[in-house]
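*Asks:* fold the following for me, if possible:
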Amino acid sequence: MKSADKYHLVLGEAPKAVKIPTRNGRRVYRITPAKPTIAPQVVVRALKVTAGSKDLIEQIPSFAQPQLWLPVATFSVCQKTGTAAFLDIWDADHFDGFTDMQHDLADCRVWFSANDFAFWDSPQTKTGRINCYFRAPVSGNYVCNVQLQSYAGPAQVECLIDSFSYGPLSFNGSINQPHPAALGPGYHSFRIHQIVGSYFFIGLTIWKV
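*Replies:* Predicted coordinates:
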């Protein structure tokens, strides 16, 4: 008698060969990788056009003074700097010839798919996760700037610092989105949760302000 919880060796049957798709059949829409930035002036401009920035800058003027910002950590698929400790990437998608590991490292980005590609057995899930663990050297105010690039339409993610959620972030195309945070000294986790759509993770930069 077969045991339900034990693997049983059988002879699989597939008498008809599967027709390998042509390269044209696997051709996908390509987009030029967004260029990562570590320039605080660029992030300040993005911060100023975000809803709520006026009140925040009135309370803490250093958020609008990039000359005072001190680099703390950077994360990308191809490198980490500063106090960056661990970059965990969960449920990323690798379509051979497009976003396989070789392309991810060459383009310094990683892709999270959503819909389509069902013919090639894509589960059509939206479970992509990124954890960036870094150390805040001192207690104070920080800016965590996430760089993303949507693919084939708009996308939406949720960003968190430890257990604090910033809520849904919608974007279409490339985006620099600063996330201000008051942090205690020690290690923290900036997290990105996929909600809707397909996108590339370009990088995360953290400054002490």
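*Asks:* off-centre distance for the lowest-mean-pLDDT helix or strand in the chain?
*Replies:* Lowest by mean pLDDT, DSSP states H and E among the helices and strands of the chain is helix 101-107, with a mean of 81. For helix 101-107, the separation from the chain centroid amounts to 15 Å (computed by C-alpha atoms, centre = their mean, to the nearest Å).
*Asks:* can you list contacts of that helix?
*Replies:* Applying C-beta atoms under 8 Å, 6 or more residues apart in numbering, the set of residues contacting helix 101-107 from outside is Pro33, Val77, Cys78, Ala92, His94, Gly97, Val110, Trp111. Using the backbone N, CA and C atoms, a C-beta is placed for each residue, glycine as well.
*Asks:* now the residues you listed as CSV including distance to Tyr142 and pLDDT?
*Replies:* Conversion of those to CSV gives the following (distance: C-beta to C-beta, whole Å; pLDDT from 0 to 100):
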residue, distance to Tyr142, pLDDT
Pro33, 26, 77
Val77, 22, 92
Cys78, 23, 90
Ala92, 26, 87
His94, 32, 82
Gly97, 39, 70
Val110, 24, 92
Trp111, 28, 88
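*Asks:* please enumerate the helices of this structure.
*Replies:* If DSSP state H is used as the criterion, the helices of the chain fall at 40-48, 53-59, 101-107.
*Asks:* and Cys144, what does it touch?
*Replies:* Contacts here follow C-beta under 8 Å, 6+ apart; on that basis Cys144 touches Cys159, Ile161, Pro178, His179, Pro180, Ala181, Phe190, Leu204, Thr205, Ile206.
*Asks:* could you list the buried residues of the least confident helix or strand of the chain?
*Replies:* With burial defined by 16 or more other C-beta atoms under 10 Å, the residues of helix 101-107 counted as buried are His103, Asp104, Asp107.
*Asks:* could you report the pLDDT at Pro36?
*Replies:* The predicted local distance difference test score for Pro36 is 82.
*Asks:* just use 75 as the starting number from now, easier for me
*Replies:* Yes, from this point I'll number from 75; that puts the last item at Pro110.
*Asks:* that one: neighbour count?
*Replies:* Neighbours of Pro110 under the rule other C-beta atoms under 10 Å: 19.
*Asks:* pretty sure it is touching Gln221, no?
*Replies:* Yes. With contact defined as C-beta atoms under 8 Å, Pro110 reaches Gln221; the gap is 6.0 Å.
*Asks:* and for the two, which residues touch both?
*Replies:* Ile276, Gly277.
*Asks:* so where's this protein uncertain?
*Replies:* 75-78, 92, 94-100, 190-196, 198 (pLDDT under 70).
*Asks:* where along it do the strands fall?
*Replies:* Taking DSSP state E to define them, one finds strands in the chain at 144-149, 154-156, 158-164, 184-186, 203-210, 214-235, 238-245, 248-257, 260-282.
*Asks:* what does the second one contact?
*Replies:* Residues lying outside strand 154-156 but in contact with it, judged by C-beta under 8 Å, 6+ apart, are Pro145, Val146, Ala147, Thr148, Leu161, Phe208, Ile280.
*Asks:* circling back to that earlier point, can you pick the most crowded of the contacts of helix 175-181?
*Replies:* Ranked by neighbours (other C-beta under 10 Å), the contacts of helix 175-181 are led by Val184, which has 23 neighbours.
*Asks:* wait, it touches Asp165, no?
*Replies:* No. In this structure, Val184 sits apart from Asp165 without contact. The criterion is C-beta under 8 Å, and the distance is 10.6 Å.
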